[in-house]
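**Student:** Attaching a predicted model along with its sequence, questions to come.
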Amino acid sequence: MDANLTVVTKNTIYTSWLTMTSRQIDCIKIVAFLAMIADHANTALSLHNGWLMLIGRMAFPLFALIWGINQARHPEIKQSSLNRLWLWAVIAQPCYYLVVMNAGTAFWQLNILFTFAVAGQSLKWFRSGVTIKHIMAMIIVMAYLPLSLTSYFIFGLLLLWCSRWLFISKNSGRILTLWCLIVILLNIHILAIVAFGGLVLTIVVWAIFGGLKSEGRILPKNFFLYGYAAHLLILGGVALCL
């Protein structure tokens, strides 16, 4: 952690979030991953279960918070990491379509890995200080938006950018309010109770595991990338056989 980040961290009321152990973060990843599986199973198998849909609303906000922590801890975004993310987003896309096709989703609607890839890539280019890269960042965002209607549209990108801002800003209280508002906007088109329920579940999970101090990793590196593609492949295969 560089000196500038350390200074900022000391001035934020959310310092404890940045000092969470790898095991705490892994536990939150597991909850988020299970919530995502529940949501995708609900769609792929046409279960139309309201509880599974509600549980699924906390998956992306939890992953976004973890992404924000990682961005704050490692301010320099490596292109090699982004390239890996782009690759797995492409690999997962056919499986994603198999999962959502029964819901009437078009094949060109992109999976959530593209949201993380676009958010990280545009952020890297915007921070480069090079005009042409600023233009490239705007182009990639504009090109992505029409393809992201099942991946939270502009609100998905805003939540990821806000999650990063949350952990490096001195005005974390105000940004947290904005972050909560964006979480609500992610799902307000479904039902208000679903949108607010997703926010409440996210905060509850974060509070529970954020207060448990323990050491040692549980999950392997890049678990989310491999697990995301694998669970889509399994659910997509089941949906195709039904």
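**Tutor:** Cool, got the structure.

**Student:** Please list the outside residues in contact with the host helix or strand of residue 181.
**Tutor:** Per DSSP states H and E, residue 181 falls inside helix 172-187. If you take Cβ atoms under 8 Å, 6 or more residues apart in numbering as the criterion, helix 172-187 is touched by 12-14, 57, 60-61, 152, 155-156, 158-159, 162-163, 165-166, 169, 194-196, 198-199, 202. Glycine gets a C-beta too; all of them are placed from N, C-alpha and C.

**Student:** Quick check: residue 242 touching residue 47?
**Tutor:** No. Applying Cβ atoms under 8 Å as the test, residue 242 and residue 47 come out as separate, 11.2 Å apart.

**Student:** Which one's more surrounded, these two?
**Tutor:** Legend: neighbour count by other Cβ atoms under 10 Å for residue 242 and residue 47, higher for residue 47 (13 against 8).

**Student:** Give me the nearest residue to the more buried one, chain neighbours excluded.
**Tutor:** Of all residues not flanking residue 47 in the chain, residue 41 sits nearest, at 7.0 Å (Cβ to Cβ, 6 or more residues apart in numbering).

**Student:** you'd agree the one you found is up against residue 234?
**Tutor:** No. Taking Cβ under 8 Å as the definition, residue 41 is not a contact partner of residue 234, at 9.6 Å.

**Student:** Show me which of these two is the more surrounded one.
**Tutor:** Using other Cβ under 10 Å, the more surrounded residue of residue 41 and residue 234 is residue 41, with 19 against 16.

**Student:** Which helix or strand contains the more buried one?
**Tutor:** Using DSSP H and E, the element containing residue 41 is helix 22-44.

**Student:** Which SSE is immediately downstream of that helix?
**Tutor:** helix 50-56.

**Student:** just checking, what packs against that next one?
**Tutor:** helix 22-44, helix 192-210 (3 or more Cβ pairs under 8 Å, 6 or more residues apart in numbering; DSSP states H and E).

**Student:** Highest mean neighbour count out of those helices?
**Tutor:** helix 22-44 (a mean of 20; mean count of other Cβ atoms under 10 Å).

**Student:** what bits of the chain have low per-residue confidence?
**Tutor:** Flagging of the chain using pLDDT under 70 yields the residue ranges 1-18, 213.

**Student:** rerun that using 50 as the cut-off
**Tutor:** 1-13 (pLDDT under 50).

**Student:** Is residue 129 in a helix, a strand, or coil?
**Tutor:** The three-state label given to residue 129 by DSSP: H, G, I helix; E, B strand; the rest coil is coil.

**Student:** How much space separates it from residue 137?
**Tutor:** 12 Å (Cβ to Cβ, to the nearest Å).

**Student:** Same drill for these two, tell me which one is more crowded.
**Tutor:** Neighbours were counted for residue 129 and for residue 137 using other Cβ under 10 Å; residue 137 has more, 19 against 8.

**Student:** what are the phi and psi angles of the more buried one?
**Tutor:** phi -60, psi -40 (degrees, to the nearest 10).
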